[in-house]
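> pasted the sequence and its predicted model underneath.
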Amino acid sequence: VKLVGSVLDAGAATADTTGGSGGTPGGQGRLILGSNTPGGGPTVVGGTTSTFVGIRGDNPFVSGTDDTPYIPDLVGGADMFGLLDGIDANNPAFAALFGSAPSSAVGALLRVDVGPIGYDDDYFGFDMLLMLNLTGDDLLDPLLGVDPTGTDPAFVQSLLAGGFGTQSLFGGTGPTPLGMLGGFDIYATLTPEGSSIFNASVQGARSLNGIPLANGDIAYLQRRNPTAIPVPATFALLLLGLGALALGSRVRRPGSQPS
């Protein structure tokens with residue numbers, strides 16, 4: 001029996017790999033699991049279990065050849081990147097206030113060990129990176145890039161709309177550029193654990209180039225004209241229920257260094 005995915009959710013199932021019986025009894029079978037997160041496999045009856053990594057792919061937002069896991073339940077379906085479905089910056093999951101948000105901030109990058117509820121799977125060897133729109137207006141020409149080598153502060157890629165419908169197997173022609181990050185939308189991808197630098201930009205804001213982020217760190221995209229579209233002072237950026245985010249979360253601004 002072989003069960004492979006990115007995140008397995010088969011804990012309520014049973015896999016019976018017991019050998020057959022009769023005049024010549026069959027040998028015990030084997031359960032093969034492929035997953036990028038711990039747990040989630042079925043109860044095994046008989047035989048042995050072998051575990052391997054789950055479904056991964058070449059992430060265009062991560063410089064180099066590192067593959068990253070697929071994230072389930074994104075807008076359009078599972079992919080290595082995409083918009084969170086049903087969760088935006090006004091969701092109750094963001095109820096706690098982050099008082100350090102500057103009034104000129106229109107967007108933010110947030111790195112966490114696991115994402116908000118519904119996206120809180122703990123991927124082996126990876127953290128979640130969220131790009132948030134902090135306003136009700138569309139942010140145009142959003143770009144994002146991760147360089148695990150820490151050497152390329154210019155590496156970026158336009159945000160992409162993915163999902164199974166864009167794959168050639170289902171008649172698609174590949175991911176398409178989003179062109180904008182809608183009001184209060186949240187875009188997600190995965191980044192390898194360890195030191196990396198992060199790059200991001202949107203039209204009308206100062207770019208983030210070569211910003212180091214540890215778990216719980218946030219960096220703001222701020223308008224070049226601070227009076228253009230201010231962010232409400234009560235905007236919440238501290239996720240409830242995420243152990244990586246606490247009142248001691250650190251803030252990164254363009255050009256800042258780790259504390």
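Received it, and whenever you're ready, just let me know what you need.
> all contacts plus neighbour counts: C-alpha atoms, from now on.
Noted.
> so the residue sitting nearest the centre point of the chain is in which element?
Nearest residue to the geometric centre of the chain (CA atoms, centre = their mean): Thr189, 3.1 Å. Of the helices and strands defined by DSSP states H and E, Thr189 is found in strand 186-192.
> contacts for that strand?
With CA atoms under 8 Å, 6 or more residues apart in numbering as the test, strand 186-192 has contacts from 61-62, 68-69, 71, 80-84, 87-89, 125-133, 146, 148, 181.
> still on that earlier bit, the residue nearest to the centre of the chain pairs with what?
On the basis of DSSP bridges, Thr189 is bridged to Phe81, Leu129.
> circling back to that earlier point, which of the contacts of strand 186-192 are buried? Put it as a PyMOL command.
To isolate the buried members of these in PyMOL, using 16 or more other CA atoms under 10 Å:
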select buried, resi 61+62+68+69+71+80+81+82+83+84+87+88+89+126+127+128+129+130+131+132+133+146+148+181
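> tell me the contacts of Ile197?
Taking CA under 8 Å, 6+ apart, we find Ile197 in contact with 146-153, 209-213.
> and it, how far from Thr37?
Distance, Ile197 to Thr37, using CA to CA, to the nearest Å: 24 Å.
> neighbouring strands for the helix or strand hosting Leu221, and are they parallel or not?
Remark: Leu221 resides in strand 218-222, with elements defined by DSSP H and E. Within its sheet, strand 218-222 is paired with strand 105-112 (antiparallel), strand 251-252 (parallel), according to DSSP bridges.
> so which of those is the most packed in?
Ranked by average neighbour count under the criterion mean count of other CA atoms under 10 Å, the strands paired with strand 218-222 are headed by strand 105-112 at a mean of 25.
> Gly86: neighbour count?
12 (other CA atoms under 10 Å).
> name the element it belongs to?
Using DSSP H and E, Gly86 falls outside every helix and strand.
> may I have the phi/psi pair for it?
Main-chain dihedrals, Gly86, degrees, to the nearest 10: phi 80, psi 0.
> report pLDDT for it.
pLDDT for Gly86: 92.
> where among the strands paired with strand 218-222 is average confidence lowest?
strand 251-252 (a mean of 54).
> list the residues that contact the residue nearest to Gly145 when sequence neighbours are not counted.
When the adjacent residues along the chain are set aside, Gly145 lies closest to Val156, with 4.1 Å between them (CA to CA, 6 or more residues apart in numbering). The contact partners of Val156, by CA under 8 Å, 6+ apart, come to 61, 143-146, 199-200.
> what's the pLDDT at Val156?
In this model, Val156 is scored at 97, pLDDT.
> next: the one 10 residues further on.
Note on Thr166: pLDDT of 86.
> please report how far it lies from Pro142.
20 Å.
> related to what we said a few turns ago, of the contacts of Ile197, select the buried ones using a PyMOL command.
Typed into PyMOL, the next command selects the buried ones out of the contacts of Ile197 (criterion: 16+ other CA under 10 Å):
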select buried, resi 146+147+148+152+153+209+210+211+212+213
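> tell me if I'm right that Phe155 and Ser207 touch.
No: applying CA atoms under 8 Å, one finds Phe155 not in contact with Ser207, separated by 11.8 Å.
> shared neighbours, the two?
With CA under 8 Å, 6+ apart as the test, Phe155 and Ser207 both reach Asn199.
> so how far is Leu129 from Asp66?
15 Å.
> same question but for Asn209, I mixed them up
15 Å.
> again, but for Asp79
Taking CA to CA, one finds Asp79 at 14 Å from Leu129.
> next one: Phe52
For Phe52, the distance to Leu129 - CA to CA - is 24 Å.
> what do you get for Ser35?
20 Å.
> same thing with Ile87?
In this view, Ile87 and Leu129 are 15 Å apart by CA to CA.
> and Met80, by the same measure?
Applying CA to CA to Met80 and Leu129 gives a distance of 11 Å.
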